[in-house]
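Enquirer: Below are the sequence and a predicted model for it; my questions follow.
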Amino acid sequence: MTSLHFSTRPCLARCSRLAFPVTGIAAAVLSSAAALAQSTAPASSLPSNTSINAPINTPIDTPSSTPGNAPVKTLGVVTITSGQPTSLPTQIPTTMEGVSKAQIEQTINATDSEDALKYLPSLLVRKRYIGDYNHAVLSSRASGTGNSARSAVYADGVLLSNYLGNGAAYTPRWGLVTPEEIERVDVLYGPFSAAYPGNSVGAVVDYVTRMPTQFEAHAKITGFTQNFKLYGTDSRYSGNQASASLGNKAGDWSWFVSLNRTENEGHPLSFSTRAISTAAPAAGAQVVSGAVPGLDRTNTPWLILGGFGQYNTRQNHAKLRLAYDFSPTTRASYTLGYWQNEATNNAQSYLYNAAGAPVYSGPVSINGRGYTLTPADFGAGLDSITHVMHGLSLKSNTQGVFDWEVAASLYDYSRDQQRAATTVRPGSLTGGAGTLTDQSGTGWNTLAFKGIWRPDGITGAHITDFGFQQDSYQLRILRSSIAGNWLTDGAGAVASDVGGKAQLRSFYGQDAWAFAPQWKAVLGARVESWNASSGFTTFGVGNAANAAYAARHESAVSPKAAVSYQWASGTVFKASTGRAVRFPTVSELYGATSTVNSRYLNDPNLKPEKSWTTELTAEKDTASWGVDGLLRLTFFAENVRDSLYSQTTFDPAAGLNISRVQNVGRIKTHGFEVAFNGNDVLEKGLDLSGSVTYADSRIKENAGFVSVAGDTAGKYQPRVPVWRATLLASYRFDPAWTASLGVRYSGKQFTTLNNADVNGTAYQGTSPYFTADVRVRYQLSRQWSASVGIDNLNNYQYWNFHPYPQRTFMAELKYAL
């Protein structure tokens, strides 16, 4: 078997005897200049250790002799040849970065699938603890962590992004993919491919999971722990993870089964606070100590009374993948995913009476001033969730004049219940009144018909992608009161019942055209028809606020264009532009909800968000400089009208976080991104990748306001830092020992539209950060490996509304047959 290694040189994808590349997509982002140069060189000039833009030496199978099986990047456009289900079109005219299974294993302390994105340029996942299942939003160059609907996440062609809503509660369903399953993950930046809806304006993340070519078995156990110290909390929180998988290929059948169990104690995510009181204590108020003085995000003095939102989560994941080859060029694939979570929401009071007992409720006296504690200050909750995913595809891969694919998927909230106490601790721990929020039956389904036309063959001047897509969403959130025992009783009187449907139908087409030597263009358009229907909000029988909403319909056309030119051997220039229309989600339109400590206000008349994004890129193969690497410089600009924003503010009188969705008139972003990937840099065995991003993202027009008219004009877009950077260095001491150091930096940013939150290092603020991670891996034998790592080595304390984890130690033991 020829051994090919990942680096920055062009290479062929791993291929099976049936002409289906096992990796399912391009093995990595190729150096466009190198690919062009190689395409004109004799075959003998391709060395046996040719690599593809990844700093880990990963052997792959001998490539097929069929040229059509080779994914290559020519003139800045990546060509995908794949027999596995994937969301990727065959021609990708945009900036693309990726990470392989080997890179993840050797350089990243990965406990969740989103960890694979940790060091890619301009990306951040707001992961608050290991196993975070409801706030891990993906942000990108010009989209912050409050806009989950401005990115698209897929796994094996199945949509994982949750477009039922926008914001922290509607994050991608990361739990349906585990790190051990991942064969590769690729990221496309910007809305430049017609194959994706307007939600792709930020980024598209495409996971491809394992599909074996022979019998294989894997098992891994991981342990992790952190000592979390903040305000009045000083505790150790720990967890563990175990996974196992089996797979095989026998004749025309192949299958893969994976299981994963995660148990983790998260740190407190939220805190009970009070503005400094001017009132005298009430009669009979308990005198308490332990309140922590501080400054809120506007630098106003307040008191921190305790922490809550400390989740203990127990998650089970199961995945079955089946594939059948009807012929050497036609494959059917099926995926069944199961994710189950049981979580408890715990709280801690910092307040103690004279006897040293914790105080949770009633009137209290702090420093001679009066305050009153409510059930929302130290709430208790239970989450019980079971989600099921199905994916089915039938795909041809002839690499001839015409190929096609039919794909369908279903994501179902089979069970999704959140119970919360409305009585005070400690009595609430054994029962009492509460609420039950039930989203069972919520979900989405997708259907896609795709075609690829190569009128002149795979090496001809034209390759055309076209298709039809239908995405349907249904939301139902029923919140009921429980008068008896909130822990066990069924639903009582309806407190609120909201729901609705949305559907997006789209036709798209794009043509990659090599119209002249050294030139290539990709021209395309997407035509979309969107409708929302069956919307309702109910707050009990006879409530004047009850509403049923009229159906809505909108349509849009989104053109796309890209052109690339090989300026010199080893250097390529690219220009891309594209329009994206992001339609309102069901929750934004109809989802007026309330919990013990939060409230969400909907707007059925929201306008679609319309964006124009442009990108100019130069790519340089640095081999001519004596460095085996790829250097990229990208200038980007984005102009967004009617940006859809959900803004959360704290109402101290009600003691609630209140979120309101609105259209922001216009937001303009411009900036640049520098990225480098290199192998054996300065010294053999030292691989480096890194990036620096500058983004000036400002609100240019807005009829709305936060406090007074005009207070958002000229302000920075929330949670989009001006500067951010990543660096990942790995070193291979010998074939057994590897070590890596990863660094991430983000500059100052804001949470609110009027940028009034000048203190980012406080609860509900968004702070700068500079964190370092380390990992050491040892290959004990052919089957066994062990790793140890530390995330946030420098124990940097940073915030994104909630606090991030502090220094976390990890150890893992892995077996692979």
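Expert: Structure's in. What do you need?

Enquirer: Could you check how far the residue nearest to residue 398 when sequence neighbours are not counted is from residue 256?
Expert: Nearest non-adjacent residue to residue 398, counting by C-beta to C-beta, 6 or more residues apart in numbering: residue 329, 4.5 Å away. C-beta here means a position set from N, CA and C on the backbone, and glycine is covered the same way. Residue 329 sits 21 Å away from residue 256, taking C-beta to C-beta, to the nearest Å as the criterion.

Enquirer: which of those two has more neighbours?
Expert: Per other C-beta atoms under 10 Å, whichever of residue 329 and residue 256 has more neighbours is residue 256, with 21 against 17.

Enquirer: close enough to count as contact, the more buried one and residue 247?
Expert: Yes - Residue 256 lies in contact with residue 247 (C-beta atoms under 8 Å); the separation is 3.7 Å.

Enquirer: Mutual contacts of those two, please.
Expert: Both residue 256 and residue 247 are in contact with 210-212, where contact means C-beta atoms under 8 Å, 6 or more residues apart in numbering.

Enquirer: which secondary structure elements does the helix or strand that contains residue 612 contact?
Expert: Element membership of residue 612 [criterion: DSSP states H and E] is strand 609-621. Other elements packing on strand 609-621 under the criterion 3 or more C-beta pairs under 8 Å, 6 or more residues apart in numbering; DSSP states H and E are helix 32-39, strand 571-582, strand 628-651.

Enquirer: Next SSE downstream of the host helix or strand of residue 323?
Expert: Here residue 323, judged by DSSP H and E, is contained in strand 301-327. Downstream of strand 301-327, the next assigned helix or strand under DSSP H and E is strand 330-349.

Enquirer: Outside of whatever helix or strand comes next after that following strand itself, list whatever touches it.
Expert: Scanning forward in sequence from strand 330-349 by DSSP H and E, the next helix or strand is strand 362-366. Under the contact criterion C-beta under 8 Å, 6+ apart, strand 362-366 has outside partners 277, 281-289, 291, 303, 351, 370-373, 424.

Enquirer: Please work out the average pLDDT along the next helix or strand after strand 362-366.
Expert: Proceeding N to C from strand 362-366, the next assigned helix or strand is strand 369-373, under DSSP H and E. Along strand 369-373, the predicted local confidence has a mean pLDDT of 96.

Enquirer: and strand 369-373, what other elements does it pack with?
Expert: In this structure, strand 369-373 makes packing contacts with strand 301-327, strand 362-366, judged by 3+ C-beta pairs under 8 Å, 6+ apart.

Enquirer: Excluding chain neighbours, what is closest to residue 784?
Expert: Distances taken as C-beta to C-beta, 6+ apart put residue 815 closest to residue 784, at 5.8 Å, once the chain neighbours are dropped.

Enquirer: can you pull out the strands in the stretch 351-500 of the chain?
Expert: Taking DSSP state E, counting those that start in this stretch to define them, one finds strands in the stretch 351-500 of the chain at 362-366, 369-373, 381-396, 402-421, 434-438, 443-453, 462-482, 494-516.

Enquirer: What is the last one packed up against?
Expert: Meaning strand 494-516. Strand 494-516 is packed against strand 462-482, strand 519-538, helix 586-590, strand 593-594, with contacts defined by 3+ C-beta pairs under 8 Å, 6+ apart.

Enquirer: which one of those lies closest to residue 447?
Expert: When these are ranked by proximity to residue 447, the top entry is strand 462-482, at 4.6 Å, counting by C-beta to C-beta.

Enquirer: So which bits of that closest one are buried?
Expert: Under the neighbour-count criterion of 16 or more other C-beta atoms under 10 Å, strand 462-482 has 463-467, 469, 471, 473-482 buried.

Enquirer: same question, stretch 775-795
Expert: Of the residues in stretch 775-795, 775, 777, 779, 785, 787, 789-793 count as buried by neighbour count, 16+ other C-beta under 10 Å.

Enquirer: I'd like the helices and strands packed on strand 494-516 as JSON lines, with mean pLDDT and distance to residue 141 appended.
Expert: Rendered in JSON lines, the data for the helices and strands packed on strand 494-516 read as follows (pLDDT from 0 to 100; distance: least, C-beta to C-beta, whole Å):
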{"stretch": "strand 462-482", "mean pLDDT": "96", "distance to residue 141": "24"}
{"stretch": "strand 519-538", "mean pLDDT": "96", "distance to residue 141": "20"}
{"stretch": "helix 586-590", "mean pLDDT": "93", "distance to residue 141": "23"}
{"stretch": "strand 593-594", "mean pLDDT": "60", "distance to residue 141": "31"}
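
Enquirer: Out of the ones you listed, the one nearest residue 714 is which?
Expert: With respect to residue 714, and counting by C-beta to C-beta, the nearest of the helices and strands packed on strand 494-516 is helix 586-590 at 25.6 Å.

Enquirer: So what touches that closest one?
Expert: Helix 586-590 is contacted from outside by 164-166, 170, 473-475, 498-502, 532, 535-537, 549, 552, 600, 602-604, 606, 644, 646, 661, using C-beta under 8 Å, 6+ apart.

Enquirer: Export only the CA atoms of it, formatted as PDB.
Expert: Listed in PDB are the C-alpha atoms of helix 586-590, where the atom choice follows Å, rounded to 0.1, in the frame of the first residue of the first chain:
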ATOM      1  CA  VAL A 586     -41.000  29.500  13.700                       C
ATOM      2  CA  SER A 587     -40.000  30.500  17.200                       C
ATOM      3  CA  GLU A 588     -39.100  34.100  16.100                       C
ATOM      4  CA  LEU A 589     -42.600  34.400  14.600                       C
ATOM      5  CA  TYR A 590     -44.700  32.600  17.100                       C
END
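
Enquirer: Distance from it to the middle of the chain?
Expert: The chain centroid and the centroid of helix 586-590 are separated by 21 Å, computed with C-alpha atoms, centre = their mean, to the nearest Å.

Enquirer: same check, this time on stretch 687-698
Expert: From the chain centre to the centre of stretch 687-698 is a distance of 18 Å (C-alpha atoms, centre = their mean).

Enquirer: so what's the residue most central in space within the chain closest to, chain neighbours aside?
Expert: Nearest residue to the geometric centre of the chain (C-alpha atoms, centre = their mean): residue 138, 3.7 Å. If you skip the residues right next to it in sequence, residue 138 has residue 151 as its closest partner in space, 4.7 Å away by C-beta to C-beta, 6+ apart.

Enquirer: Next: residue 342.
Expert: Across the structure, with C-beta to C-beta, 6+ apart as the measure, the residue nearest residue 342 apart from its sequence neighbours is residue 314 (4.9 Å).
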